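# The amino acid sequence is not available; the structure is as follows:
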């Protein structure tokens, strides 16, 4: 059998295994509380980790201080540097964000001996995993990695991706999750023909309804979808489950969706609105030109 | 001090820590070679892992058979089920994709004892990490996670994100990576004032040039960018480094970028083209209406 290093040059490859790591109830050691450290804290809090932070106080970035003050029960802070292998006791993950390459390497080596995954900021060869540009909207998370070709590029792609989102996807996903949970309460079977039917029905409503429609669901409407849809083995229309008149406001582009004002105009479908506006502007412009010429 | 479980309910949270796991030179155990297993193999090969696959031959999905045949040096295949803890020897990561919840749990428990990260298909509580919808274009990887609210939703968001990409981002990133590598050859300092200057200059050219322009770079042009740009502490224009006349074709929306036909039209910047076309169409329409009325 060949060694792993002998087979590395074969195609395809060159990428990473992208994953969403679960940190609920897990302990993370963060060494360094500067600007990079502060950004790590934000991501760790977002993943429900318990953070142990080691950093001399004079090295704390302002946002790090704010996090420590705001989340005293989530962040255990020690005003000192990393002291040795005992720091790794019971840790599930380790991130370093310090300017000292020698200390970084020592910590990474200890982590590898202890079989604890480690990310060492600025030292790719000492990383079990990398971070990338990140978008979060409630339950929706998107990560963009350029596989080491520079953070600026990932940030540029992130801008493109962000622009492609309407800003209400997170809310829509929450509501779909709620619908799914209610359905599972009605039909709790795991797997089997019922489980598969449930999965197919959920897929069908996700495909049939514009995502933005889900943002308008309330508890009563969710029950009505299940009564009129699941129980009758069909997908009801939005109109069937909503008794209020539909708001006809164009989807906002703000990053935080607001309930009730996010449904796309129905007349055209939102993708047509801007072209139509331009068409009308062109027509109005030409009328103005011709009227001006007639004077 | 509180226990980790007591502090879990505090906001913010509910998400995952998104990461790009590094598998070059690492060993992954995959238990199960059905349809899900085949998809796992694709992702693992893309991340340069060495795969050990356990699956009775009758359970192999057709794509799995193809992978085994095509990559004999990357996949070590055993025609049997998981037999016990010895299977985990020297493994860096374990993925299970089998239909048996009891066997899945046994494997996951053994992995946790051995401190090996594990993903157990279909059993979220036995996963250290989840997968999501995935886009790959050369060095660019994007992962979309709905944090357990259903794969169909992630797939829908993936379609939106995919549509926002021009199809040439992967090639652009490769070229930017090449430029960065050449610059590092000229100025190999790590960190310090020169390192920071190099980073700033790379950021500036990434910001100033449309991403699509990078796809047209060849080796000579890369050297010219460094001669005319880096050496003179400025960002050269595309015209300065390219002696060939620019193709003036609108960016294609195909997923595979083709060299030479992907540069955006320069006159307006691509984002203006469609609105302008609609404006003109409106104007022409109104002229037609007014001409018709004059008859």
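Yep, it's here. As the structure is a prediction and not an experimental result, all values here were calculated from the model.

# Ranking helices and strands of chain A by mean pLDDT, which lands last?
In chain A, no helix or strand scores lower on mean pLDDT, DSSP states H and E than helix A:270-294, which sits at a mean of 66.

# any low-confidence regions in chain A?
A:1-12, A:244-278, A:294-295 (pLDDT under 70).

# Specify the residue ranges that define each domain of it.
Following automatic domain parsing, one gets these domains for chain A: A:21-131, A:166-273.

# out of the ones you listed, deepest packed?
Among the domains of chain A, ranked by average contacts under mean count of other Cβ atoms under 10 Å in any protein chain shown, first place goes to domain A:21-131 (a mean of 18). Where C-beta positions appear, they are placed from N, C-alpha and C, glycine not excepted.

# That domain and chain B, any residue contact?
Yes - using Cβ under 8 Å from any Cβ of the partner chain, we find that domain A:21-131 touches chain B at A:21-27, A:43-50, A:71, A:73-74, A:76, A:93, A:99, A:101, A:115-117, A:119, A:122, A:127-131.

# Same check on stretch A:216-231?
No - Stretch A:216-231 is not in contact with chain B by Cβ under 8 Å from any Cβ; minimum separation 13.6 Å.

# The residues of domain A:21-131 next to chain B in strands, which ones?
The strands, defined by DSSP state E, take in A:21, A:27, A:50, A:76, A:93, A:119, A:129, A:130 from these.

# Number of residues surrounding the nearest residue to the first one once chain neighbours are set aside?
So that's residue A:21. Nearest residue to residue A:21, sequence neighbours excluded (Cβ to Cβ, 6 or more residues apart in numbering or on different chains): residue B:17, at 4.3 Å. Counted with other Cβ atoms under 10 Å in any protein chain shown, the neighbours of residue B:17 add up to 27.

# Residue B:17 contacts residue A:45, doesn't it?
No - Residue B:17 is beyond contact range of residue A:45, at 10.3 Å (criterion: Cβ atoms under 8 Å).

# what helices or strands is the helix or strand hosting residue A:103 leaning on?
Here residue A:103, judged by DSSP states H and E, is contained in helix A:101-113. For helix A:101-113, the elements it packs on are strand A:93-96, strand A:118-120, judged by 3 or more Cβ pairs under 8 Å, 6 or more residues apart in numbering or on different chains; DSSP states H and E.

# Count the neighbours of the residue in the stretch 101-250 of chain A positioned nearest to chain B for me.
Residue nearest to chain B within the stretch 101-250 of chain A (Cβ to the nearest Cβ): residue A:164, separated by 3.1 Å. Per other Cβ under 10 Å, the neighbour tally for residue A:164 reads 15.

# That one against residue B:159, yeah?
No - Residue A:164 lies out of contact with residue B:159 (Cβ under 8 Å); the separation is 9.9 Å.

# what's the spacing between whatever residue of chain A ends up closest to chain B and residue B:289?
Using Cβ to the nearest Cβ, residue A:282 is the residue of chain A that sits closest to chain B, at 2.7 Å. Counting by Cβ to Cβ, to the nearest Å, the gap from residue A:282 to residue B:289 is 12 Å.

# the more surrounded of these two?
residue A:282 (23 against 13).

# Check which helices and strands the helix or strand residue A:52 falls within sits against.
Assigned by DSSP H and E, residue A:52 belongs to strand A:50-54. Under the contact definition 3+ Cβ pairs under 8 Å, 6+ apart, strand A:50-54 sits against strand A:27-31, helix A:35-46, strand A:75-78.

# so how far is it from its chain's centroid?
23 Å (Cα atoms, centre = their mean, to the nearest Å).

# where does residue A:18 fall, helix, sheet strand or coil?
Following DSSP: H, G, I helix; E, B strand; the rest coil, we place residue A:18 in the strand state.

# Regarding the residue nearest to the spatial centre of chain A, which helix or strand does it belong to?
With distances taken as Cα atoms, centre = their mean, residue A:141 lies nearest the centre of chain A, 1.2 Å away. In this structure, residue A:141 sits in strand A:140-145 according to DSSP H and E.

# quick check: angle from that strand to strand A:17-21?
Relative orientation of strand A:140-145 versus strand A:17-21 (axes from the mean of the first three to the mean of the last three Cα atoms, to 10 degrees): 140 degrees.

# Partner strands of strand A:140-145 and their direction?
The partner list of strand A:140-145 in its sheet, established with DSSP bridges, is strand A:133-137 (antiparallel), strand B:140-145 (antiparallel).

# Pull the residues that contact the shortest one.
Contact partners of strand A:133-137, identified using Cβ atoms under 8 Å, 6 or more residues apart in numbering or on different chains, comprise A:43, A:46, A:141-145, A:151, A:154-155, A:157-158, A:161-162, A:165, A:167, A:169-171, A:255, A:257, B:15, B:18.

# try it again with 6 Å
Identification of contacts with strand A:133-137 by Cβ atoms under 6 Å, 6 or more residues apart in numbering or on different chains yields A:142, A:143, A:144, A:154, A:155, A:158, A:162, A:169, A:170, B:18.

# And for the residue nearest to the fourth one when sequence neighbours are not counted, the neighbour number?
Put plainly, it is residue A:154. In space, and not counting its chain neighbours, residue A:154 is closest to residue A:133: 3.9 Å by Cβ to Cβ, 6+ apart. Using other Cβ under 10 Å, residue A:133 has 22 neighbouring residues.
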